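> got a structure for you, letters missing:
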DNA sequence: ACAGTGACAACAT
DNA sequence: TATGTTGCCACTG
């Protein structure tokens, strides 16, 4: 299948999320063929602020929120506001209580053909 | 090998 | 809506 690490797969997929749209950790996990790895997706993205900080600029991590349509960096006020700021900057409406209307901004996602591509090449 | 850790999610109250 | 609980997972000492 793939020799690409889960982190790499997550980053590759997140890079495909169109500007002005959002998706959830669970959807990302599902698209990667791991319907129950939502938590691990969040873990992978959190790594962007330390060991994988070098990739932070190329991965639109702010476009991934929780399944309830809410920016979920609750315990880190700074990051939560930063994420909301980045989203608003590209047209995504984020309420004061950090919520996004998924009916309007949810990304459709990719089809299996494209996913297959992501799981392999760099 | 193994227990601990989170930017999750579904479900019950 | 707002908690709490429980199941899950990749990754880390």
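Received, thanks. Here the structure is a predicted model, which means the values were calculated and not measured. Numbers count the residues shown, from 1 in each chain, chains lettered A, B, ... in the order given.

> On the C-terminal side of the longest helix that chain A contains, identify the next helix or strand.
Among the segments of chain A that qualify as a helix by DSSP state H, the longest is helix A:77-89. Heading C-terminal from helix A:77-89, the first helix or strand you meet, by DSSP states H and E, is helix A:102-105.

> Give me the residues contacting that following helix.
A:20-22, A:69, A:92-93 (Cβ atoms under 8 Å, 6 or more residues apart in numbering). For the C-beta atoms, the positions are set from N, CA and C on the backbone; glycine is no exception.

> Just to check, residue A:63 is in contact with residue A:14?
Yes - here residue A:63 reaches residue A:14: they are 7.0 Å apart, a contact under Cβ atoms under 8 Å.

> just to revisit the earlier point, farthest-separated two in the contacts of helix A:102-105?
Across the contacts of helix A:102-105, the longest distance by Cβ to Cβ is 15.0 Å; it joins A:20 and A:69.

> Those two - which one has more neighbours?
Just comparing residue A:20 and residue A:69: by other Cβ atoms under 10 Å the higher neighbour count belongs to residue A:69, 20 against 13.

> Can you point out the buried residues in the longest helix of chain A?
Burial within helix A:77-89, assessed by neighbour count using 16 or more other Cβ atoms under 10 Å, is assigned to A:79-80, A:83-84, A:86-87.

> could you give the mean pLDDT of stretch A:112-122?
The average of the pLDDT scores along stretch A:112-122 is 77.

> Stretch A:91-100 spans what distance, first to last residue?
11 Å (Cα to Cα, to the nearest Å).

> quick one: it near DNA strand B?
No - counting by Cβ under 7 Å from any atom of the strand, DNA strand B is not contacted by stretch A:91-100; separation bottoms out at 11.6 Å.
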